[in-house]
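Q: The following block contains a protein sequence and its predicted model.
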Amino acid sequence: MHAVPEPAAAPDAEFLLRAVARGDETAFERLYDLVAPRVYGLIRRVLRDPAQAEEVAQEVLVEVWRTAARFDPARGSATAWIFTIAHRRAVDRVRAEQAGADRVRRMAGSATQTPYDDVVEEATAHLEQQQVRRCLKSLTDLQREAITLAYYGGYTYREVAELLNTALPTVKTRMRDGLIRLRDCLGVSVG
Amino acid sequence: MSTEIHALAGAYALDAVDDVERAAFGRHLAECETCALEVNELRETVGRLADSTWELPPPRLRATVLDQVRRTRQKGPGRADRDRVSIAASAQRWRRWTAGAVAAGIIAIGAATGTYVVQEERVQDARQIQAVLEAPDAVTEVATRDGGELRVVSSDSLDAAVVIVTKMPEINSTQAYQLWKIRGNAPTSAGVLAAGRNTGVQYVGGVNGYEVLAMTLEQAGGAAAPSDDPLASVTL
């Protein structure tokens, strides 16, 4: 149980990000307080190592400042824009350091743990947001595992296919139809 | 819109594709408005998954970031297209790896799917390879064989192709996979992978006018003509 309530971020973040785009440092401080815990948490979930996560989070947050003017509200929310940058940087870091296939082999080869169970369980257990958790539960097991492994584990769909021992086209399809189901359940729309 | 590439929308929104696929899908999005809309919505959906990752960062991070922000010049609106940024980033990474290769003699380029081994003499091809992957008219064709993959990205305007061989059946060090470009019944060698390697990247120039790109198994160093039927081939 986390005592800290999740702030309802969406409109605020966009307002702040627009101010940041005009060079407003005070707005950036407020934006930092609003999103830094999720940015850091997401990166740490993917990278595991706290020191590396701190380093990448720093890069990402400065990147948000630097490129704020490129945020385009027609393409999505401010928070999604920020988390997209964060996730991409985390994943780039993981993949630059370990060739994908080796990473899977190393993890799959260690008999002491089943890495994907960890990722999936942790992801599900920590879902504080009622709605997201409920919607994730509405997916099939394969859809949910494919999505959480890719997102929280930072795996490519090829690695996910290998981890789940499932055919590549199936994994691709499950990621897409799972996200579509999640989108509809959450009532997400853009534009 | 090709259904094969469109099936990647979910994996793309999750950052679960490799650099080549990301570049190809980015080009696809530029031409397909409904696909771009779908990806925006899936990205937005994916963003909600970050809500569950709330974790307090070390307190010093705030001061570090704010300090750096005060010293960092902001960019103008410019292009909002993140995929161009991504390609530039991966090109930069590629260059970094290739620079290290001179010392290492041999390098492994992990582009998320496998380990692409590039020999030292191929390092100069890195820039040409990147140009093909980023070409606006680049087309990707894929053939599979025993769990391995022959992926060919070709560009008419550059008259060139990049062949990415991944996880083909294991071979011993006296053998090598060889590539052929074929017009009619006449195959021309398009390069030989390193002996014993079942994974590799090859730049192939002068592909216009050829109909097929194929791969055979030969003795190490390659052969003047294919010794057997292709193990895998794609139509150019």
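A: Happy to help now that I have it. Bear in mind that the values here come from a model prediction, so they are computed numbers and not experimental data. Residues are numbered from 1 along each chain as shown, chains lettered A, B, ... in the order given.
Q: only C-alpha atoms for contact and neighbour calcs from this point on.
A: Will do.
Q: Residue 179: how many residues sit nearby?
A: Using chain A. Close neighbours of A:Leu179, defined as other CA atoms under 10 Å in any protein chain shown, add up to 27.
Q: meant chain B, my bad for not saying
A: Neighbours of B:Leu179 (other CA under 10 Å): 28.
Q: likewise B:Thr34?
A: Counted with other CA under 10 Å, B:Thr34 comes out at 11.
Q: Tell me the secondary structure of the closest residue to B:Glu141 other than its chain neighbours, please.
A: Excluding its sequence neighbours, the residue lying closest to B:Glu141 (CA to CA, 6 or more residues apart in numbering or on different chains) is B:Val152, at 5.2 Å. In three-state terms, and counting by DSSP: H, G, I helix; E, B strand; the rest coil, B:Val152 is strand.
Q: I'd assumed B:Val234 was in contact with B:Val152.
A: Yes: contact criterion CA atoms under 8 Å: B:Val152 and B:Val234 qualify, at 7.5 Å.
Q: So what sits opposite the residue nearest to B:Glu141 in the bridge?
A: B:Glu141, B:Val163 (DSSP bridges).
Q: which non-adjacent residue is nearest B:Gly47?
A: Nearest one to B:Gly47, counting by CA to CA, 6+ apart, is A:Ala80 at 4.6 Å.
Q: same check, this time on B:His6
A: B:Cys35 (7.6 Å).
Q: Look up how far B:Leu29 lies from that neighbour.
A: According to CA to CA, to the nearest Å, B:Cys35 and B:Leu29 sit 6 Å apart.
Q: Please apply the same query to A:Asp49.
A: Distance from A:Asp49 to B:Leu29, by CA to CA: 34 Å.
Q: Settle it for me: which of the two has more neighbours?
A: Neighbours were counted for A:Asp49 and for B:Leu29 using other CA under 10 Å; B:Leu29 has more, 19 against 11.
Q: Surely that one and B:Ala36 touch.
A: Yes: the pair B:Leu29 / B:Ala36 is scored as a contact, 5.2 Å apart, by CA under 8 Å.
Q: mind listing what's buried in the lengthiest helix in chain A?
A: As assigned by DSSP state H, the longest helix anywhere in chain A is helix A:25-47. For helix A:25-47, burial by neighbour count (16 or more other CA atoms under 10 Å in any protein chain shown) applies to A:25, A:27-32, A:34-47.
Q: and chain B, which of the residues you listed reach it?
A: Contacts with chain B are made by A:Glu25, A:Glu29, A:Tyr32, A:Ala36, A:Pro37, A:Arg38, A:Val39, A:Tyr40, A:Gly41, A:Leu42, A:Arg45 out of the buried residues of helix A:25-47, judged by CA under 8 Å from any CA of the partner chain.
Q: Need the pLDDT of the second one.
A: The confidence metric pLDDT takes the value 95 at A:Glu29.
Q: my guess is it contacts B:Leu66, does it?
A: Yes: using CA under 8 Å, A:Glu29 is in contact with B:Leu66, at 7.3 Å.
Q: Could you tell me the angle between the strand or helix carrying A:Leu149 and helix A:25-47?
A: Using DSSP states H and E, A:Leu149 sits within helix A:141-153. Counting by axes from the mean of the first three to the mean of the last three CA atoms, to 10 degrees, helix A:141-153 lies at 120 degrees to helix A:25-47.
Q: how far does stretch B:133-140 stretch from start to finish?
A: 9 Å.
Q: What lies in contact with it?
A: B:20, B:23-24, B:27, B:87, B:132, B:151-158, B:162 (CA atoms under 8 Å, 6 or more residues apart in numbering or on different chains).
Q: Out of those, which one has the lowest pLDDT?
A: Out of the contacts of stretch B:133-140, that is B:Ile87, at 39.
Q: okay, how far is it across stretch B:204-220, tip to tip?
A: 19 Å.
Q: picking up where we left off before, so for B:Val152 and B:Val234, which residue has more residues nearby?
A: Comparing B:Val152 with B:Val234 by other CA under 10 Å, the one with more neighbours is B:Val152, at 27 against 18.
Q: Distance-wise, check the more buried one relative to chain A.
A: For B:Val152, the distance to chain A (CA to the nearest CA, to the nearest Å) stands at 18 Å.
Q: now B:Glu21
A: 11 Å.
Q: so that residue is in which element?
A: Judged by DSSP H and E, B:Glu21 forms part of helix B:19-31.
Q: can you give me how far that helix is from the chain middle?
A: Helix B:19-31 sits 11 Å away from the centroid of its parent chain (CA atoms, centre = their mean, to the nearest Å).
Q: Packing partners of it?
A: On a contact count with 3 or more CA pairs under 8 Å, 6 or more residues apart in numbering or on different chains; DSSP states H and E, helix B:19-31 meets helix B:33-48, helix B:82-104, helix B:125-134.
Q: tell me, which of these is the model least confident about?
A: helix B:82-104 (a mean of 39).
Q: and the nearest residue to B:Pro226 once chain neighbours are set aside, how many residues sit next to it?
A: In this structure, B:Pro226 finds its nearest non-sequential neighbour in B:Thr216, 6.7 Å apart by CA to CA, 6+ apart. Residues near B:Thr216, counting by other CA under 10 Å, number 21.
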